[in-house]
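Engineer: build me a model from this:
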Amino acid sequence: MTGSRVLAAAIAAAVIGSVGLAGNGQARSTAKVPAPLVGAWGRIITKAQWVAVGIATEPTEHASMLVSADGSVIVGEASNVRFAPLSGNRVVISGAYGCGKKKGVYSWKVAGGRLTLTKIRDSCAYSIGIYAGVWKHEKV
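Structural biologist: You can find the predicted model right below:
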């Protein structure tokens, strides 16, 4: 999927997810993500940034991310990602593509329509390559 189609699919899934029901009809946990993190974000991940985290096979690409208030996150076509808030403007990111059950801890800051995620602890190169950096707020 490309750009707007991915974002449209992400928005549809977020609306369904915001109802608070998993596919089996069971209620999902609702860890409230801080309001400044909620919304649509995008960034360009360059080949050089991929190489810097040890992944030489990924090309430069535009990544889109939709963060819902309940902590569910859709990045590209991955919809099992979660943000769990911690104190001190930190989040735990789980379910990242290629990372299995590994979780990363990132600090976050939102200013001027930009979200900066900074790795505190993460052992998954794909997670670092995707999340660590500056994301621009996208209007939907």
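Engineer: only C-alpha atoms for contact and neighbour calcs from this point on.
Structural biologist: Fine.
Engineer: who's in contact with G113?
Structural biologist: Contact analysis of G113 by C-alpha atoms under 8 Å, 6 or more residues apart in numbering lists 136-137.
Engineer: I meant L37, not that one.
Structural biologist: So L37 contacts 67, 110, 115 (C-alpha under 8 Å, 6+ apart).
Engineer: what's the pLDDT at the first one?
Structural biologist: Residue-level confidence at V67 comes out at 96, pLDDT.
Engineer: any idea how far it lies from T60?
Structural biologist: For V67, the distance to T60 (C-alpha to C-alpha, to the nearest Å) stands at 22 Å.
Engineer: of these two, give the one with the bigger neighbour count.
Structural biologist: V67 (24 against 12; other C-alpha atoms under 10 Å).
Engineer: next, that one: phi, psi?
Structural biologist: Dihedral pair for V67: phi -110, psi 120, per degrees, to the nearest 10.
Engineer: okay, and for this structure, where does confidence drop off?
Structural biologist: Residue ranges of the chain with pLDDT under 70: 1-31.
Engineer: quick one, helices of it?
Structural biologist: Along the chain, counting by DSSP state H, helices occupy 3-18, 47-52, 125-131.
Engineer: pretty sure S127 sits against A96.
Structural biologist: Yes - assessed by C-alpha atoms under 8 Å, S127 is found in contact with A96 at 5.8 Å.
Engineer: neighbour count winner among the two?
Structural biologist: Neighbour totals were compared for S127 and A96, and A96 leads with 25 against 22 (other C-alpha under 10 Å).
Engineer: next one: the more buried one from M65, what distance?
Structural biologist: Note on A96: its distance to M65, by C-alpha to C-alpha, is 12 Å.
Engineer: ok, now A125?
Structural biologist: Computed as C-alpha to C-alpha, the A125 to M65 distance reads 18 Å.
Engineer: which one's more surrounded, these two?
Structural biologist: Neighbours per residue (other C-alpha under 10 Å) separate A125 from M65, with M65 holding more: 27 against 16.
Engineer: before I go, just wanted to say thanks for your time.
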